[in-house]
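*Asks:* I'd like to go over a predicted model; first the sequence, then the structure.
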Amino acid sequence: MNDKKNLLVLAGDGIGAEVMAEVWRLIDWLDRRRGISFAVSEGLVGGVSIDAHGVPITDATMAQALAADAVLLGAVGGPKWETLPFEVRPERGLLRLRKDLELFANLRPAVVFDALVDASPLKAEIIRGLDIMIVRELTGGVYFGQPRGIETLADGSRRGVNTQVYTTEEIRRIARVAFDLARKRQNRVCSAEKANVMESGVLWREEVQWVHDNEYPDIDLSHMYADNCAMQLVRNPGQFDVIVTDNLFGDILSDEAAMLTGSLGMLPSASLGAADVSGRRRALYEPVHGSAPDIAGKGIANPLAVLLSFGMCLRYSFDLKAEADLLDRAVNGVLDGGLRTADIMQQGKARISTGVMGEAIIREMDKLS
Ligand code: NAI
Ligand code: MG
């Protein structure tokens, strides 16, 4: 058994700290009611770290992250730091975390809660019961490929360059994560790339097929061009179970899937790395949304995305399935009860603040346990 559960909390910028406060309530509840205690440390990331230390994440905080069993992050970024050079922007803190922790697999579930079927921009009959898992490759591709940069040409004009790069191993290991997940779900994987116009897409398709044929022949695998996948997500999202795709397409497709569910404020994510010899998998959990500067400081942000991210942390890093299931049921119960933060507001429902939503979840957990 894992006695000491080391969790590093990095609330970050904007609404990050506001929504994270609700996670603290839950950590306290788990301790009080279930005797599950975490050794929690806190650190700075993003703009708050730039303000305090001049860098988006310090080496000391990185060392803490490497030592932790899991990292829970709020959000980074905001207008205050947007004029800084790219290399020291808040987002670099997050990119460094992903890179140094070698978090190559980003899991983004898009689940439609029954009570929120009407919050989706799509018709209820298209969206009801939706449960998609998008597996996005996170440490390769065009966000990291070399060469990159902006260069000035001889004639004085400029050229911006980014390079899409994937190796056999990078593709195979993300494919394995997707196939493993599919086995616990509906046994279906759709791999999305642009093999019609990109060589890296051709390799992606061949290697995913190779992993399937050699290791997961039982899984129903299909290939789709990423632009078609974007269309299909809106036309008939129910056809998908697990979607596996690269860093760039995954960024876009997962945001699109996010909006199928109605609100960014509801969406958790997990980023997983390779397992070490003891079986411990490096992991970072964070809401899909950003720091929401337009509503920061108002106390109206939806804390459910970060709470559900913590739920994924309970499930995947600490094997606390019962508690993760309990949290999912509490979220369902509170939504069924008609409570809504502004972002998921519906006619006839009660508009509540971040804190009241957090309290309601705790009350529901009490009721259910
Ligand atoms: P955003 O996700 O912060 O906000 C988009 C829209 O969704 C806004 O209208 C916002 O009010 C709303 N929203 C987001 N989360 C919400 C919540 N929990 N409850 C209620 N409403 C919510 O994305 P945006 O505006 O593109 O970026 C704002 C800043 O956040 C930028 O600096 C960006 O770089 C950063 N960002 C950081 C991310 C991260 O930390 N992982 C991810 C995306 C953006
Ligand atoms: Mg995005």
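*Replies:* Received, thanks. None of these values were measured; they are calculated from a predicted model. Ligands and ions are numbered 1, 2, ... in the order given.

*Asks:* only C-alpha atoms for contact and neighbour calcs from this point on.
*Replies:* Will do.

*Asks:* then the one helix or strand residue 274 maps to to PDB, C-alphas only?
*Replies:* Residue 274 is located in strand 268-275, with elements delineated by DSSP states H and E. Output in PDB follows, covering the C-alpha atoms of strand 268-275 (Å, rounded to 0.1, in the frame of the first residue of the first chain):
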ATOM      1  CA  PRO A 268     -10.600  17.600 -16.400                       C
ATOM      2  CA  SER A 269      -7.400  16.100 -17.800                       C
ATOM      3  CA  ALA A 270      -4.600  13.900 -16.900                       C
ATOM      4  CA  SER A 271      -1.100  13.700 -18.300                       C
ATOM      5  CA  LEU A 272       0.800  10.500 -17.700                       C
ATOM      6  CA  GLY A 273       4.400   9.500 -18.200                       C
ATOM      7  CA  ALA A 274       6.200   6.100 -18.300                       C
ATOM      8  CA  ALA A 275       6.000   3.900 -15.300                       C
END
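
*Asks:* so what touches that strand?
*Replies:* The contact list for strand 268-275 (C-alpha atoms under 8 Å, 6 or more residues apart in numbering) reads 98, 101-109, 281-288, 305-309, 312-313.

*Asks:* average model confidence for it?
*Replies:* Strand 268-275 carries an average pLDDT of 90.

*Asks:* oh, and call the first residue 4 from now on, that's how I've got it
*Replies:* Yep, numbering from 4; the last one is strand 271-278 now.

*Asks:* in strands only, show me the contacts of strand 271-278.
*Replies:* 108-112, 284-290 (DSSP state E).

*Asks:* these into TSV, with extra columns for distance to ligand 1, pLDDT and neighbour count?
*Replies:* Shown next, in TSV, are those (distance: C-alpha to the nearest ligand atom, whole Å; pLDDT from 0 to 100; neighbours: other C-alpha atoms under 10 Å):
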residue	distance to ligand 1	pLDDT	neighbour count
108	15	96	27
109	12	94	28
110	13	95	27
111	12	93	27
112	15	93	22
284	21	76	19
285	18	91	23
286	15	94	28
287	11	97	30
288	10	97	27
289	7	97	27
290	7	96	28
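
*Asks:* quick one: which of these is nearest to residue 207?
*Replies:* Residue 207 lies nearest to residue 108 out of those, by C-alpha to C-alpha, at 15.2 Å.

*Asks:* residues in contact with the closest one?
*Replies:* Residue 108 touches 138-141, 177, 180, 274-276, counting by C-alpha under 8 Å, 6+ apart.

*Asks:* same question for residue 141.
*Replies:* Counting by C-alpha under 8 Å, 6+ apart, residue 141 has contacts 101, 106-109, 249-250.

*Asks:* what's the burial count for residue 114?
*Replies:* Residue 114: 21 surrounding residues under other C-alpha atoms under 10 Å.

*Asks:* next one: the helix or strand containing residue 334 to chain centre, how far?
*Replies:* Per DSSP H and E: residue 334 is located in helix 324-339. In terms of C-alpha atoms, centre = their mean, to the nearest Å, the centre of helix 324-339 is found 19 Å from the chain centre.

*Asks:* hmm, who's touching that helix?
*Replies:* So helix 324-339 is in contact with 116-119, 307, 311, 314-315, 317-318, 363-365, 367-368, 371-372, going by C-alpha under 8 Å, 6+ apart.

*Asks:* try it again at 7 Å.
*Replies:* 116, 118, 314-315, 317-318, 363-364, 367-368 (C-alpha atoms under 7 Å, 6 or more residues apart in numbering).

*Asks:* show me the shaky parts of this structure.
*Replies:* Applying pLDDT under 70 to the chain flags the ranges 4-6, 282.

*Asks:* centroid-nearest residue for it?
*Replies:* residue 272 (2.4 Å; C-alpha atoms, centre = their mean).

*Asks:* out of everything not next to it in sequence, what's closest to that residue?
*Replies:* Closest residue to residue 272 apart from its sequence neighbours, by C-alpha to C-alpha, 6 or more residues apart in numbering: residue 111 at 4.8 Å.

*Asks:* measure the one you found to residue 229 for me?
*Replies:* Distance, residue 111 to residue 229, by C-alpha to C-alpha, to the nearest Å: 17 Å.

*Asks:* what about residue 66, how many neighbours?
*Replies:* 11.

*Asks:* with adjacent residues omitted, what lies nearest to residue 358?
*Replies:* Per C-alpha to C-alpha, 6+ apart, closest to residue 358 is residue 25, 6.8 Å.

*Asks:* confirm for me that the one you found is in contact with residue 359.
*Replies:* No. Assessed by C-alpha atoms under 7 Å, residue 25 is found out of contact with residue 359, at 9.4 Å.

*Asks:* quick check, nearest of the contacts of residue 141 to residue 224?
*Replies:* Nearest to residue 224 among the contacts of residue 141: residue 249, at 16.2 Å, using C-alpha to C-alpha.

*Asks:* got the contact list for the nearest residue to the closest one once chain neighbours are set aside?
*Replies:* Distances taken as C-alpha to C-alpha, 6+ apart put residue 140 closest to residue 249, at 4.8 Å, once the chain neighbours are dropped. Contacts for residue 140 (C-alpha under 7 Å, 6+ apart) come out as 107-109, 177, 248-250.

*Asks:* got the phi/psi numbers for residue 140?
*Replies:* phi -70, psi 140 (degrees, to the nearest 10).

*Asks:* for the residue lying farthest from the centre of the chain, give its distance to residue 278.
*Replies:* The C-alpha centroid of the chain is most remote from residue 158, which lies 43.2 Å away (C-alpha atoms, centre = their mean). Counting by C-alpha to C-alpha, the gap from residue 158 to residue 278 is 50 Å.

*Asks:* since that was my last question, I'll sign off now.
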